[in-house]
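S.K.: fold the stuff below for me.
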Amino acid sequence: MLAAVSAHSMVAQPAGWRRAWQRRGVYPDRPDTLDAASATLGISAPWRAPRWVWAAAWRGGKRVLPFLHRWDECAPADTCVNLNVCWLKAIAGNRRGDARLRDGGLAYDLLPPVTRRVVAWPLCCLFPPLHHQNVALRTAYLDGAVTAALADDDLARAMLVSVGAGFDVRALRVADGLRCAEIDLPDVVAQKRALLARLARRRPAARARVDALAFATGNLSVRSEAVAALRQVLRGGGGGGGAPTPPRHVVYVVEALLIYLPPESGEALLRACVDEAAAAGASRVSLCFADRLPGVEQTSAADAAATLARARLELDEASWLPKPGLARHMGVARWTR
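M.R.: Numbering: from 1, shown residues only. I've put the predicted structure just below:
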């Protein structure tokens, strides 16, 4: 028996060692994923570093978060890595290599005083292009997808709903006149409100947009809570005015949310997004996602289309753009009455 265990260890250890040295995000069904995403978006690709380097960088970032927020009056928690991602977006937003990635310092202005200077310009350039550059790929993709979805729309009759928004600041960067709402866990929304209040103090010109942003809370893995939150933002309420008139076009953004939900809950949430928009009077729904779709482990567009079809959504196959990472599926799907 000892000999068998020893033999198993000898086999398993080299396999694990080889995996640690593999390039991250190389999928058997599409080995050129990173190159294709980078070329399509015109954004520099992250380092082609082995898995252990990515893992070490992620662990390092998580370990310094308590110190970075030790004297933070907002004292946000890193629920579903929202806080870590906020710092990554601040790094990408402060870099000056590509104007499309700059966010005008909005993510940076969510961060605590003094310690946030470690990601200010030019110190942000010292961070190796790993996780923040991977996040930059999906940020660029979603920005483009949302802009395209709203092209030629009457913004007064459209609405942007970020489902599981975390500490993202996209609602502060979209076109004037577009109603925006966010849905997340109650503690995340409470923390987000505190961070946005700090941002508004730092830049008073943004206060009107902060005040106009509507919120709803709920556990999105529980269908009844997800439906209640969707109804609140689509039919009015949640602060910021909600939806005083029914939106004709609802644009949903789902970014790195489904990776935290059981597959059946993820599918139920996508279906609820369509059903509740239709019930609220919308004639069109656009789903802009950078996530991991339920039942699509690698990069199959056919599997993605099948998953979305069960939610009454049709995948725009030309938009399908997988990338490395947990939130590996990027695309746009639509429903029309």
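
S.K.: which residues of the protein fall in strands?
M.R.: Remark: strands assigned in the chain by DSSP state E are 158-163, 179-184, 214-217, 249-255, 284-291, 314-315, 329-336.

S.K.: now do Gln191, the pLDDT please.
M.R.: Listed pLDDT for Gln191 reads 96.

S.K.: neighbours around it, how many?
M.R.: Neighbourhood size, Gln191 [other CB atoms under 10 Å]: 22. Using the backbone N, CA and C atoms, a C-beta is placed for each residue, glycine as well.

S.K.: same check, this time on the one 4 residues further on
M.R.: Counted with other CB under 10 Å, the neighbours of Leu195 add up to 22.

S.K.: how close does Ala171 sit to Ala55?
M.R.: Distance of Ala171 to Ala55, given as CB to CB, to the nearest Å: 32 Å.

S.K.: more neighbours, these two?
M.R.: Ala171 (24 against 12).

S.K.: which residues touch Val135?
M.R.: Listed by CB atoms under 8 Å, 6 or more residues apart in numbering, the contact set of Val135 reads 85, 88-89, 92.

S.K.: do the same with Ala279
M.R.: If you count contacts by CB under 8 Å, 6+ apart, Ala279 has them with Arg231.

S.K.: kindly report the same for Asn82.
M.R.: Counting by CB under 8 Å, 6+ apart, Asn82 touches 76, 166-167, 188, 191.

S.K.: if any of these are buried, put those into a ChimeraX selection.
M.R.: Filtering those down to the buried ones (16 or more other CB atoms under 10 Å) takes a single ChimeraX command:
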select :76,166,167,188,191
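
S.K.: can you tell me which of the contacts of Asn82 are in helices?
M.R.: Judged by DSSP state H, helices contain the following of the contacts of Asn82: 188, 191.

S.K.: tabulate the contacts of Asn82 (TSV), appending distance to His329.
M.R.: Output for those, formatted as TSV (distance: CB to CB, whole Å):
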residue	distance to His329
Pro76	28
Gly166	18
Phe167	22
Val188	23
Gln191	27
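
S.K.: nearest to Ile259 among the contacts of Asn82?
M.R.: Each of the contacts of Asn82 was scored against Ile259 by CB to CB, and Gly166 proved nearest at 12.2 Å.

S.K.: any idea how far Ala302 is from the residue nearest the centre of the chain?
M.R.: Central residue of the chain (CA atoms, centre = their mean): Glu255, 2.6 Å from the mean position. According to CB to CB, Glu255 and Ala302 sit 23 Å apart.

S.K.: same list, the strands of the chain, but as a markdown table with distance to Ala205 and mean pLDDT please.
M.R.: Formatted as a markdown table, the strands of the chain follow (distance: least, CB to CB, whole Å; pLDDT from 0 to 100):
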| stretch | distance to Ala205 | mean pLDDT |
| --- | --- | --- |
| strand 158-163 | 20 | 97 |
| strand 179-184 | 17 | 97 |
| strand 214-217 | 20 | 97 |
| strand 249-255 | 24 | 98 |
| strand 284-291 | 27 | 98 |
| strand 314-315 | 39 | 98 |
| strand 329-336 | 31 | 98 |
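
S.K.: pLDDT below threshold where in the stretch 201-337 of the chain?
M.R.: Residue ranges of the stretch 201-337 of the chain with pLDDT under 70: 237-244.

S.K.: how about the helices in it?
M.R.: With DSSP state H, counting those that start in this stretch, the ranges of helices along the stretch 201-337 of the chain come out as 207-212, 223-235, 263-279, 301-309.

S.K.: Leu195: which of those helices is closest?
M.R.: Closest to Leu195 of the helices of the stretch 201-337 of the chain is helix 207-212 (CB to CB; 10.0 Å).

S.K.: tell me which residues of the closest one come out buried.
M.R.: For helix 207-212, the buried set under the neighbour-count rule, 16+ other CB under 10 Å, comprises 209-210, 212.
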